[in-house]
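>>> The following comprises the amino acid sequence and a computationally predicted model.
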Amino acid sequence: MTRMKNNSFLVMTSPLTNVDFRSVPELMNKRFRCLQCVELRCIANNVWRVLNIEDKSFDFLIKPQNAVPMEFHLTPNTWDEFVKTYNKFDIIHLDPPWKVGRGNPLFGFSQRYETMNFEDIIAMDFLKGLNDGGLFLCWVVNAHIHNFIEYMNKTNLQFIKAITWIKVGENGKVQTVLGHYLSHGTEVCLLFVKGSLNDKTRNIVHMLPDHFIAKRTISSAKPQTLLRILNESINQFKYSLRQLDIFGRFNNLEPNWITVGLDAKSFSSRK
């Protein structure tokens with residue numbers, strides 16, 4: 001097995017199951033026995049693309065250990081039932097399917113989500129699932145940053161800071177897309193605390209950066225950088241916390257997180 005560029009591997013073997021995939025052990029699967037030449041390319045976190053000698057391809061999903069994906073449609077009613085069943089969490093990470101522009105354009109790589117406007121997201125009342133002193137992180141489109149902060153400060157949430165993702169391509173240069181007024185090369189995740197920080201969440205907040213640089217992979221998919229920093233902080237302090245990722249995708253699964261959403265157990269690689 002030879003490592004190639006872009007986190008890919010070139011494998012020449014028959015049968016394929018004789019290969020020791022140490023970095024991708026789950027690929028040791030009967031379905032690959034008929035392949036004689038294959039390229040494995042990591043196209044997103046937890047997602048590998050398999051290309052065989054006939055130029056046919058499919059994506060292979062790998063669930064991290066101790067990650068808990070739960071696939072169901074989130075509505076105000078189902079969210080209420082979820083909180084009653086699973087109780088509250090110490091950290092909630094939210095990546096809503098924001099409605100951008102007119103109509104109901106497809107958001108991200110899922111074609112199953114209906115996009116939501118500001119009022120729809122507020123109506124979900126995600127705070128009922130957050131413990132006092134807990135952290136709430138939400139990705140917000142530029143058009144709603146001011147309104148979102150203003151509304152949340154009227155509740156029991158206190159705004160702490162904005163965390164900016166600077167998007168880069170394979171060449172390491174900032175990637176921009178055309179926005180309503182300006183070209184955008186960043187996305188923003190807003191960080192709040194419910195009530196006041198406790199000793200645990202205060203230590204975690206001190207470990208978070210105000211920005212990070214990460215590659216853009218699939219449309220709307222967020223990088224793992226933020227969730228991994230949170231996990232590293234929790235592990236470093238040996239805390240026992242409950243973490244929830246809402247509207248999560250399969251490529252965002254992380255150990256010790258519950259991931260809830262329609263894409264939690266499946267993946268579409270639509271560019």
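Here it is on my side, so go on. In this text the structure is predicted, and so the values were computed from the model without any measurement.
>>> Might one say that A123 is in contact with L74?
No - contact criterion Cβ atoms under 8 Å: A123 and L74 do not qualify, at 11.5 Å. Placement of C-beta: from N, CA and C, glycine included.
>>> Between those two, tell me which one has more neighbours.
Neighbours were counted for A123 and for L74 using other Cβ atoms under 10 Å; L74 has more, 19 against 12.
>>> what pLDDT does the more buried one get?
For L74, the pLDDT comes out at 88.
>>> Show me the shaky parts of this protein.
1-62, 101-113, 219, 266-271 (pLDDT under 70).
>>> Give me the domain ranges for it.
2-61, 68-260 (automatic domain parsing).
>>> Show me which positions of the helix or strand I121 falls within end up buried.
Using DSSP states H and E, the element containing I121 is helix 118-123. Within helix 118-123, the residues that qualify as buried by neighbour count (16 or more other Cβ atoms under 10 Å) are 118, 120-121.
>>> go on, stretch 150-165?
152, 157, 160, 163, 165.
>>> from the domains of the chain, which stretch is densest packed?
Highest mean neighbour count among these (mean count of other Cβ atoms under 10 Å): domain 68-260, with a mean of 16.
>>> okay, how far is it across that one, tip to tip?
Domain 68-260 has its terminal residues 9 Å apart, counting by Cα to Cα, to the nearest Å.
>>> cool, stretch 145-161 as well?
End-to-end span of stretch 145-161 (Cα to Cα): 12 Å.
>>> got it, and stretch 84-92?
First residue to last in stretch 84-92 (Cα to Cα) measures 16 Å.
>>> cool, stretch 198-214 as well?
Stretch 198-214 end-to-end distance (Cα to Cα) = 30 Å.
>>> What lies in contact with it?
90-91, 133-135, 160-168, 191, 193, 197, 223, 225-226, 229-230, 232-234, 236-237, 239, 241 (Cβ atoms under 8 Å, 6 or more residues apart in numbering).
>>> Which members of the residues you listed occur in strands, if any?
Counting by DSSP state E, the contacts of stretch 198-214 place 90-91, 133-135, 160-168, 191, 193 in strands.
>>> For those residues, work out which two are farthest apart.
G133 and V168 (34.6 Å; Cβ to Cβ).
>>> what about the strands in the stretch 51-200 of the chain?
57-61, 68-70, 89-94, 130-140, 157-168, 177-178, 183-184, 186-194 (DSSP state E, counting those that start in this stretch).
>>> Compare those and give me the one nearest F250.
Closest among the strands of the stretch 51-200 of the chain, using Cβ to Cβ: strand 57-61, at 5.7 Å.
>>> What ranges does the stretch 151-271 of the chain have for its helices?
Using DSSP state H, counting those that start in this stretch, the helices of the stretch 151-271 of the chain run over residues 199-207, 225-236.
>>> Of all those, which one is nearest V100?
Between V100 and these, the shortest gap by Cβ to Cβ is with helix 225-236, which sits at 21.1 Å.
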